[in-house]
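Student: Any chance you can model this:
(2 chains)
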Protein chains: 2
Amino acid sequence: MTIILYDIPSTLKGNAWSPNTWKTRYALNFKGIPYKTEWVEYPDIEALCIKLGIPKSPFEDHYTFPAIHDPSTGAYLSDSWEIAVYLEKTYPDTPKLFPHNTVALQHATFTAYDDNLAALWFTVLPDTNNILNPASEAYFRRTREKAFGKKMEELEAKGEEGVKEWKRYESGLKKIADAYATSSGPFFMGDTPCYADLFVAAYLIWQRLVWGENSKKWKDVASWQGGRWAKLLKDLSKYETIH
Amino acid sequence: MTIILYDIPSTLKGNAWSPNTWKTRYALNFKGIPYKTEWVEYPDIEALCIKLGIPKSPFEDHYTFPAIHDPSTGAYLSDSWEIAVYLEKTYPDTPKLFPHNTVALQHATFTAYDDNLAALWFTVLPDTNNILNPASEAYFRRTREKAFGKKMEELEAKGEEGVKEWKRYESGLKKIADAYATSSGPFFMGDTPCYADLFVAAYLIWQRLVWGENSKKWKDVASWQGGRWAKLLKDLSKYETIH
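Tutor: Got it, this is the predicted structure:
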């Protein structure tokens, strides 16, 4: 049976952009589990979740995606982490996201990634806002402007401060690159991807999609650390199909 | 043959205190590789390293410990990470520090730990200074006061600011506890320790040693996150023998 993946559409070709829903899409594609995306604009998420009985993520105070419905078990669930753990447990005969008891090491890897990437948010959120459809754009703008106490157009640091923040982002990625560099292969665990690789790739593909492949920003990121990040996306490109 | 582990002595019973040399001691004990500690005061480290041909750590601009000499291969090397990788490669029939290709995931775990623990340094450095022998104390004080531009006695935040920093340290440890909580056992990889556990424990045993088991600070740390940190040290206590 086919899993339903709930995701937020955009003006981009293929719709998909959100890093959090990309984590789930990558995981489903990597595991080869049949699924189909259902596109829901931001303002409609809450009502849908309440109607279907999809809970809030334990890490959020509001309803958001990714969420899935798995007709073969009847499960409705949200949150990329909870979904990854669910898929791993429910489909034991598919490729492993957390092989050899690495679930806690991979969880710590996300912490390392998140802590280092604070510098990314304010430069990528306004560009994300720009690719949303009108209904989602208004919602995204309202909630983010409230959260940060700034107009969307004022989030990104300008001039010298902007250069400094961009360097800070590069330094954050360098720490993740240093970890990758100790691996015997292109992925964290050598020659086979694990969930931590898909997690990192989900943030990268978001940047490539909202900035565009030919943007100065993406070209910068793609050039850092010996081209590691462009190569990671390329190595995982077979898992980026949008079903 | 017996490896020599170079370490810095103190006024503590058993001498050992340094988190970085504890990483190596834990690793040697965990692997069951025979070794003996040679105690060298801070001001004598550089001359000894130059005499023996021990290189600087790739992460430091000065000579420091841990360093080891392995008479069975003739190797002299420094830096806890380099030593862990060397031991894993040179002694393949001993318990694994990085089982199943987890070296890069574990490296990322250290980043997660380091980033979260900035709040620890200024409260633990003055107490560390207090347990050193006079020659090392003078060296430690001079180099740290130069690095931070403050007297040793002014490093730790006081009053409200101190309370805030201490809470910040607790929050940092919480992120590591959250990762641990996803494991199926007491260690990152379930029921068997790996190097990332020894890495975390090395920082904890440092705190327990320089603050003392009955100090308010250690009792705080030991009580956080359901007593996880005291338990981790207890679960690894068979690897804390000082040879």
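
Student: How about the residues of chain A by chain B?
Tutor: Counting by CB under 8 Å from any CB of the partner chain, the residues of chain A close to chain B are A:85, A:99-109, A:111-113, A:115-116, A:175-176, A:178-185, A:188-190, A:194, A:196. Glycine gets a C-beta too; all of them are placed from N, C-alpha and C.

Student: Tell me which of those fall in helices.
Tutor: Among the residues of chain A next to chain B, the members found in helices (DSSP state H) are A:85, A:103-109, A:111-113, A:115-116, A:175-176, A:178-181, A:196.

Student: Mind giving me the PyMOL command for buried ones among the residues you listed?
Tutor: Buried residues within those, by 16 or more other CB atoms under 10 Å in any protein chain shown, are selected in PyMOL with:
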select buried, chain A and resi 85+103+104+105+106+107+108+109+111+112+113+115+116+175+176+179+180+196
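
Student: do you know how far the residue of chain A positioned farthest from its centre is from chain B?
Tutor: Within chain A, A:Glu160 marks the point farthest from the mean C-alpha position, 28.7 Å out by CA atoms, centre = their mean. Computed as CB to the nearest CB, to the nearest Å, the A:Glu160 to chain B distance reads 24 Å.

Student: Equivalent analysis for A:Pro58, please.
Tutor: For A:Pro58 relative to chain B (CB to the nearest CB), the value is 11 Å.

Student: ok, and the closest non-adjacent residue to that residue?
Tutor: Distance criterion CB to CB, 6 or more residues apart in numbering or on different chains; nearest residue to A:Pro58, sequence neighbours excluded, is A:Asp79 at 6.5 Å.

Student: my guess is that neighbour contacts A:Tyr63, does it?
Tutor: No: A:Asp79 lies out of contact with A:Tyr63 (CB atoms under 8 Å); the separation is 10.8 Å.

Student: Which residue of those two possesses the greater neighbour count?
Tutor: Ranked by neighbour count (other CB atoms under 10 Å in any protein chain shown), A:Asp79 and A:Tyr63 place A:Asp79 first, with 24 against 17.

Student: how far off helix B:103-116 does the helix or strand of chain A with the lowest mean pLDDT point, in degrees?
Tutor: None of the helices or strands of chain A scores lower by mean pLDDT, DSSP states H and E than helix A:103-116, at a mean of 89. Using axes from the mean of the first three to the mean of the last three CA atoms, to 10 degrees, the inter-axis angle of helix A:103-116 relative to helix B:103-116 is 50 degrees.

Student: Packing partners of helix A:103-116?
Tutor: helix A:159-181, helix A:195-211, helix B:103-116, helix B:159-181 (3 or more CB pairs under 8 Å, 6 or more residues apart in numbering or on different chains; DSSP states H and E).

Student: State the distance from the residue farthest from the centre of chain A to A:Lys217.
Tutor: Using CB to CB, to the nearest Å, A:Glu160 is found at 17 Å from A:Lys217.

Student: Next: A:Phe122.
Tutor: A:Phe122 is 13 Å from A:Lys217, where distance means CB to CB.

Student: Am I right that A:Ala196 is in contact with B:His107?
Tutor: No: the criterion here is CB under 8 Å, and A:Ala196 misses it with B:His107 at 11.6 Å.

Student: State the distance from the nearest residue in space to A:Trp224 that is not next to it in sequence to A:Ala177.
Tutor: Nearest residue to A:Trp224, sequence neighbours excluded (CB to CB, 6+ apart): A:Glu170, at 5.5 Å. In this view, A:Glu170 and A:Ala177 are 10 Å apart by CB to CB.

Student: quick one: common contacting residues for those two?
Tutor: Common contacts of A:Glu170 and A:Ala177 (CB atoms under 8 Å, 6 or more residues apart in numbering or on different chains): A:Trp224.

Student: what comes up buried for stretch A:226-238?
Tutor: A:228-230, A:232-233, A:235-236.

Student: what sits up against it?
Tutor: Outside stretch A:226-238, the residues that touch it by CB under 8 Å, 6+ apart are A:26, A:29, A:173, A:177, A:180, A:186-187, A:193, A:197-198, A:200-201, A:204-205, A:208, A:221-223, A:240.

Student: Could you pick out the buried ones from those residues?
Tutor: Buried members of the contacts of stretch A:226-238, counted by 16+ other CB under 10 Å: A:26, A:29, A:173, A:177, A:180, A:186-187, A:193, A:197-198, A:200-201, A:204-205, A:208, A:221-222, A:240.

Student: With only the CA atoms kept, save the helix or strand containing A:Leu232 in CSV.
Tutor: Following DSSP states H and E, one finds A:Leu232 within helix A:228-235. Coordinates of each C-alpha in helix A:228-235 appear next as CSV, following Å, rounded to 0.1, in the frame of the first residue of the first chain:
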residue,chain,number,x,y,z
ARG,A,228,31.8,18.4,-0.8
TRP,A,229,28.2,19.7,-0.6
ALA,A,230,27.4,19.7,-4.3
LYS,A,231,28.9,16.2,-4.5
LEU,A,232,26.8,14.9,-1.6
LEU,A,233,23.6,16.0,-3.3
LYS,A,234,24.9,14.4,-6.5
ASP,A,235,25.7,11.2,-4.7
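
Student: Compute the inter-axis angle for that helix and helix A:159-181.
Tutor: 60 degrees.

Student: Tell me which residues touch the residue farthest from the centre of chain A, please.
Tutor: By CB under 8 Å, 6+ apart, A:Glu160 has no neighbours at all.

Student: confidence score at it?
Tutor: Listed pLDDT for A:Glu160 reads 95.

Student: now A:Pro58
Tutor: 82.

Student: Could you do A:Ser78 as well?
Tutor: Looking at A:Ser78, its pLDDT reads 96.

Student: correct me, but it touches A:Pro58?
Tutor: No: if you go by CB under 8 Å, A:Ser78 and A:Pro58 don't touch, sitting 9.1 Å apart.

Student: between those two, which one's more packed in?
Tutor: Shown here are A:Ser78 and A:Pro58; by other CB under 10 Å, A:Ser78 has more neighbours (23 against 9).

Student: List phi and psi for the more buried one.
Tutor: Torsion angles at A:Ser78 (phi, psi; degrees, to the nearest 10) stand at phi -130, psi 170.

Student: For it, which non-adjacent residue is closest in space?
Tutor: Distances taken as CB to CB, 6+ apart put A:Ala67 closest to A:Ser78, at 4.1 Å, once the chain neighbours are dropped.
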